[in-house]
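Participant: coords below, sequence missing:
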Ligand SMILES: Cc1cc2nc3c(=O)[nH]c(=O)nc-3n(C[C@H](O)[C@H](O)[C@H](O)COP(=O)(O)OP(=O)(O)OC[C@H]3O[C@@H](n4cnc5c(N)ncnc54)[C@H](O)[C@@H]3O)c2cc1C
């Protein structure tokens, strides 16, 4: 196998290559230099605000918004640009995410024309810095229960915003402590004395001079574990009045007389429809975590290829760390998984772009597509951000003491990405959402099976259960293998169909097991659905994980199909094997427990992963070069080829930055089609 890093780089850059290149070239300028250690918090926040303004001036954020309101209407390109930004300072990334993605996204997706005309351009240019105020001290995951109220006063034609309790305080909100002028505030809407559920309103929080608006109490969250360039803060509202137009009224309006109207009658459905439109935030965080993981792997793998320790007794030469099997084991399966996640992210971005950029689809079809996207995005965000946390820690350890120095950036990457597992939906909660949506789909499928197929399903379940429970499982395994001899052949482990089969079987088995447990629980007299679900929660989460990994593997396979060059395909095939088999290896106890693989095969799995690590090892540096992270951005001395970060750039400080709009015009819009 040989790796053409440049060809692979082009392939990874994909259809939005021009946007990735643009962002890289902007961030490689000295104005964005990454420093060995973050400046003191006050200075750091100023620096991040200043850099966000420079980025806004390039026109990048306008990719997110519709053309008729001054935007470029390219959501896929925008998310890809955001992902690329994650190779730089992650405080800058999150500051931009709050302003353009969350605040702008709420105005765009929950508001109507009057809001778009008044605000979108000002948001894209950062003339109007804003916040997304959903979480409260009392409710972060369960946001349907937020306590802030917006009560309509028909006489004045205004809403009154109130924080009725201490736990109603808006908490952790980005852009609040220093810069935010306005916030999209999520409140319980009260009209005519009746509560209508959670809705978002635009509430000014600071005046032109930067002082808090009367009735708005602003406090600073202070220092955090990471992301200290972002000014997170808290908000309390004391009888703050806003005009009736402040309600973001795409899904519900209040007439001047105080009549509440919504095209979605069911309150629950309305709430989840509103939240669903904000899916781009989750897609963005997932993508950013993959980029941060790539940065960490680029640093650790390059260091591992250069750093020497120990050697054979008959030699004066010590070996590069990466020649040690355990070092390969720590880094290379993680590298393969990162490639897998890259392609899964590419797929979710394409779906997002298609669904949110599409017009003219049937409502029902569009809603089904949106629901599928939400489930896919939730699952991928959870798996990708957990992978980032685990991999960055591994990279830190793999670089020894050097990995602990601030200048090598792994500490910063660790601290800054840590919270990605929590915001934009806590991962555990997200996997529950995935599982619930699967179980709903499962129920539908079961009902549609018809009597014969259902009987077949039950028989196959009974067989599996018998295999699992049997004391002679090994014997049955051997019998099964005799019946299907190809299952035990060495080369089958790297047979893609076999891998896909195992991933699909695992998902189906866990899911059907969870469904059976739920059904059994519900069949008891007086069963409480909440209790029953709670009892199966662990099972349900395993099902969600298995589902997401099956999707990731399928997305990897689809990417391989797209690769036209035979050499490139071979490289991707090897990485895909390494991802699939190391993922199965993690679960080999479970696979054996369920009679799916024998102990012999389980050992073979480990041997095969070792062999794959050995075959990928000579190409490890090319594989991280293909991430295309400029030296100026990576900035870690141990992670730069040659060992010294080049902190200079071909561009002078005063150089005018390229504008996204001009780039699109120059190259032709068809590039992004
Ligand atoms: C740096 C930072 C920036 C943020 N920025 C913003 C922002 O700009 N705007 C905004 O609105 N919010 C923001 N947040 C808030 C963030 O979205 C919430 O912290 C997050 O949703 C989790 O809510 P919580 O902190 O209340 O945790 P909780 O909901 O209390 O969860 C705590 C733990 O309990 C677990 N848990 C909760 N419920 C269940 C259950 N049913 N079953 C099993 N386990 C459960 C969770 O998995 C989690 O591990 C930010 C947070 C941070 C830290």
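Facilitator: Received it, and whenever you're ready, just let me know what you need. Note that the structure is a prediction, hence the values are computed from the model and not measured.

Participant: per-residue confidence for the residue in the chain that the ligand sits nearest to?
Facilitator: Closest contact between the chain and the ligand, by Cβ to the nearest ligand atom, is at residue 140 (1.9 Å). Placement of C-beta: from N, CA and C, glycine included. As predicted, residue 140 sits at a pLDDT of 97.

Participant: cool, and residue 437?
Facilitator: Residue 437 is assigned a pLDDT of 92 by the prediction.

Participant: what about the residue of the chain closest to the ligand, distance to residue 603?
Facilitator: Distance, residue 140 to residue 603, using Cβ to Cβ, to the nearest Å: 44 Å.

Participant: Tell me which of those two has more neighbours.
Facilitator: Taking neighbours as other Cβ atoms under 10 Å, residue 140 and residue 603 compare with residue 140 leading, 17 against 12.

Participant: Let me see the contact set for the more buried one.
Facilitator: 171-172, 426 (Cβ atoms under 8 Å, 6 or more residues apart in numbering).

Participant: part of a helix, is it?
Facilitator: No. The assignment for residue 140, made by DSSP: H, G, I helix; E, B strand; the rest coil, is coil rather than a helix.

Participant: Compare the contacts of residue 140 and tell me which is most surrounded.
Facilitator: residue 171 (21 neighbours).

Participant: Name the next helix or strand downstream of the strand or helix carrying it, please.
Facilitator: Residue 171 is part of strand 170-173, with elements assigned from DSSP states H and E. On the C-terminal side of strand 170-173, the nearest following helix or strand under DSSP H and E is strand 182-191.

Participant: That following strand pairs with which strands, and in what direction?
Facilitator: strand 130-133 (parallel), strand 149-153 (parallel), strand 194-204 (antiparallel) (DSSP bridges).

Participant: Tell me the gap between the first one and the middle of its chain.
Facilitator: In this case it means strand 130-133. 20 Å (Cα atoms, centre = their mean, to the nearest Å).

Participant: Give me the mean pLDDT for it.
Facilitator: Strand 130-133 shows a mean pLDDT of 98.

Participant: wait, does stretch 276-289 contact the ligand?
Facilitator: No. Between stretch 276-289 and the ligand, judged by Cβ under 6 Å from any ligand atom, nothing touches; the nearest distance is 9.5 Å.

Participant: Can you tell me how far residue 209 is from residue 625?
Facilitator: 50 Å.

Participant: next one: residue 8
Facilitator: Applying Cβ to Cβ to residue 8 and residue 625 gives a distance of 8 Å.

Participant: How about residue 215?
Facilitator: 55 Å.

Participant: before we move on, what about residue 524?
Facilitator: Applying Cβ to Cβ, the value for residue 524 to residue 625 is 59 Å.

Participant: my read: residue 509 touches residue 591, true?
Facilitator: No. At 10.0 Å, residue 509 does not count as touching residue 591 under the criterion of Cβ atoms under 8 Å.

Participant: hmm, back to that, more neighbours: residue 8 and residue 625, which one.
Facilitator: residue 8 (25 against 19).

Participant: per-residue confidence at residue 485?
Facilitator: Residue 485 is assigned 38 on the pLDDT scale.

Participant: again, but for residue 8
Facilitator: For residue 8, pLDDT reads 97.

Participant: count of residues packed around residue 333?
Facilitator: Count around residue 333 with other Cβ under 10 Å applied: 23.

Participant: Report the spatially closest residue to it, excluding sequence-adjacent ones.
Facilitator: residue 582 (3.7 Å; Cβ to Cβ, 6 or more residues apart in numbering).

Participant: The ligand contacts on the stretch 351-500 of the chain?
Facilitator: 419, 422-423, 426, 428-429.

Participant: Buried among these? Make that a PyMOL selection.
Facilitator: Filtering those down to the buried ones (16 or more other Cβ atoms under 10 Å) takes a single PyMOL command:
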select buried, resi 419+423
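
Participant: would you list the residues of the stretch 351-500 of the chain next to the ligand in a markdown table and tack on pLDDT and secondary structure?
Facilitator: Formatted as a markdown table, those follow (pLDDT from 0 to 100; DSSP: H, G, I helix; E, B strand; the rest coil):
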| residue | pLDDT | secondary structure |
| --- | --- | --- |
| 419 | 98 | helix |
| 422 | 98 | coil |
| 423 | 97 | coil |
| 426 | 98 | coil |
| 428 | 98 | helix |
| 429 | 97 | helix |
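
Participant: Export the residues of the stretch 351-500 of the chain next to the ligand to a markdown table and append columns for distance to residue 27.
Facilitator: What follows is those, written out as a markdown table (distance: Cβ to Cβ, whole Å):
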| residue | distance to residue 27 |
| --- | --- |
| 419 | 22 |
| 422 | 26 |
| 423 | 23 |
| 426 | 30 |
| 428 | 33 |
| 429 | 33 |
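
Participant: what does the stretch 101-250 of the chain put close to the ligand?
Facilitator: Proximity of the stretch 101-250 of the chain to the ligand, by Cβ under 6 Å from any ligand atom, involves residues 132-135, 140-141, 172-174, 224, 227, 232.

Participant: one more time with 8 Å
Facilitator: When proximity is defined by Cβ under 8 Å from any ligand atom, the stretch 101-250 of the chain lies next to the ligand at 102, 131-143, 170-176, 186, 221, 224, 226-227, 230, 232.

Participant: Any of those residues buried? List them.
Facilitator: Among those, those classed as buried by 16+ other Cβ under 10 Å are 102, 131-137, 139-140, 170-176, 186, 221, 224, 226-227, 230, 232.

Participant: okay, now residue 532: neighbour count?
Facilitator: Neighbour tally, residue 532, other Cβ under 10 Å: 17.

Participant: What helix or strand is it located in?
Facilitator: Per DSSP H and E: helix 529-535 holds residue 532.
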